[in-house]
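Novice: quick one: sequence and predicted model below, then my questions.
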Amino acid sequence: MSAGIVVIPTYNEIENIEPIIRAVFALDHAFDILVVDDSSPDGTANKVIELQSVFPGRLHLEVRKEKSGLGTAYIHGFKWCLNRDYQFIYEMDADFSHNPKDLSRLYTTCVDRECDVVIGSRYVKGVNVVNWPLSRVLLSYLASLYVRFITGMKIYDTTAGFICYRRKVLEAIELDEIKFIGYAFQIEMKFKAYLKKFKIIEIPIVFTDRIRGESKLSGNIIFEAIFGVIKMKLKSLIGKE
């Protein structure tokens with residue numbers, strides 16, 4: 001039985017893409033993979049094409065013309081998945097900050113606890129982050145507290161990017177109306193699911209900062225998250241969300 005499909009956005013992940021693909025396909029549960037690559041100049045997409053002959057019918061690739069943001073990459077991937085018969089759709093980073101073995105925990109939690117969204121959470125039980133400087137841990141943790149306060153969501157890790165969605169959640173969210181393109185995209189998706197009263201559960205994971213490649217976090221992404229959340233909440237109060 002298929003456990004669904006994992007959407008992995010990439011930009012210059014040549015060092016990570018083959019190991020992460022092989023790690024997912026080595027799991028006991030049968031996951032497919034969709035890589036959404038933003039025309040990485042390092043040849044990430046070419047490596048995926050090479051691996052498609054090793055994993056026929058299970059490894060899929062969509063190449064976009066340019067680097068257009070994390071949120072738009074996921075929206076592209078979600079739409080692709082919804083055009084197929086996948087019942088469980090996952091978000092996961094390519095850099096091993098999310099342990100592929102935890103995909104099985106997301107899936108079994110979603111099935112066994114009959115929930116709609118399962119979040120692999122860094123903060124639901126303390127702070128489970130490895131190899132981040134203290135300043136970045138504090139920034140991320142305080143950002144989640146801020147988002148909880150503004151939105152009212154009872155979610156500890158509001159910016160988490162390791163998630164299992166049931167198909168019906170993504171079908172109910174108007175994907176073309178998602179405004180944020182950076183990490184605030186993660187907040188907006190959770191907020192939309194929360195407003196529609198889907199059952200959301202967090203399970204603890206250990207988040208390990210990337211060993212290979214470079215982080216894509218920027219000041220613009222942080223700015224978008226801080227000020228965009230207020231705007232998002234105000235829109236919900238006046239009935240535009």
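Specialist: Cool, got the structure.
Novice: for the chain, which segments count as helices?
Specialist: 17-25, 44-52, 70-82, 102-112, 134-151, 167-172, 184-195, 219-237 (DSSP state H).
Novice: pick the most buried one from these.
Specialist: Comparing these by mean neighbour count (mean count of other C-beta atoms under 10 Å), helix 184-195 ranks first with a mean of 23. The way it works is simple: take the backbone N, C-alpha and C, and place the C-beta from them, glycine included.
Novice: what is that one packed up against?
Specialist: Other elements packing on helix 184-195 under the criterion 3 or more C-beta pairs under 8 Å, 6 or more residues apart in numbering; DSSP states H and E are helix 70-82, strand 117-121, helix 134-151, strand 163-166, strand 200-204, helix 219-237.
Novice: ranking helices and strands of the protein by mean pLDDT, which lands last?
Specialist: helix 219-237 (a mean of 73; mean pLDDT, DSSP states H and E).
Novice: please identify which of the helices of the chain is closest to F96.
Specialist: helix 17-25 (6.4 Å; C-beta to C-beta).
Novice: show me the contact partners of the closest one.
Specialist: Contact with helix 17-25 is made by 6, 8, 10, 31, 33, 35, 44, 47-48, 51, 55, 58-59, 94-96, 100-101, 103, as judged by C-beta atoms under 8 Å, 6 or more residues apart in numbering.
Novice: okay, and which of those map to strands?
Specialist: Among these, the members found in strands (DSSP state E) are 6, 8, 10, 31, 33, 35, 59.
Novice: and the last one, what pLDDT?
Specialist: You'll see L59 listed with a pLDDT of 98.
Novice: so it touches I49, yeah?
Specialist: No. The pair L59 / I49 is not scored as a contact, 9.3 Å apart, by C-beta atoms under 8 Å.
Novice: give me the mean pLDDT for stretch 160-180.
Specialist: The average pLDDT within stretch 160-180 is 95.
Novice: return the distance of that stretch from the chain's centre.
Specialist: Put simply, stretch 160-180 sits 10 Å off its chain's centre (C-alpha atoms, centre = their mean, to the nearest Å).
Novice: what about that stretch, how long is it end to end?
Specialist: End-to-end distance of stretch 160-180 (C-alpha to C-alpha, to the nearest Å): 15 Å.
Novice: which parts of it are buried?
Specialist: 160-167, 169-170, 173, 178, 180 (16 or more other C-beta atoms under 10 Å).
Novice: same thing with stretch 198-205?
Specialist: 198, 200-205.
Novice: dump the residues you listed to CSV, plus pLDDT and distance to I119.
Specialist: Formatted as CSV, the buried residues of stretch 198-205 follow (pLDDT from 0 to 100; distance: C-beta to C-beta, whole Å):
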residue, pLDDT, distance to I119
F198, 98, 12
I200, 98, 7
I201, 98, 7
E202, 98, 5
I203, 98, 7
P204, 97, 10
I205, 96, 9
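Novice: for those, give me TSV that also has distance to A26.
Specialist: Shown next, in TSV, are these (distance: C-beta to C-beta, whole Å):
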residue	distance to A26
F198	31
I200	29
I201	26
E202	26
I203	21
P204	23
I205	18
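Novice: looking at the ones in strands among the contacts of helix 17-25, which two lie furthest apart in space?
Specialist: Greatest spacing in the ones in strands among the contacts of helix 17-25, by C-beta to C-beta: T10 and F31 (16.7 Å).
Novice: so which of the two has more stuff around it?
Specialist: Using other C-beta atoms under 10 Å as the criterion, T10 and F31 rank with T10 on top: 26 against 20.
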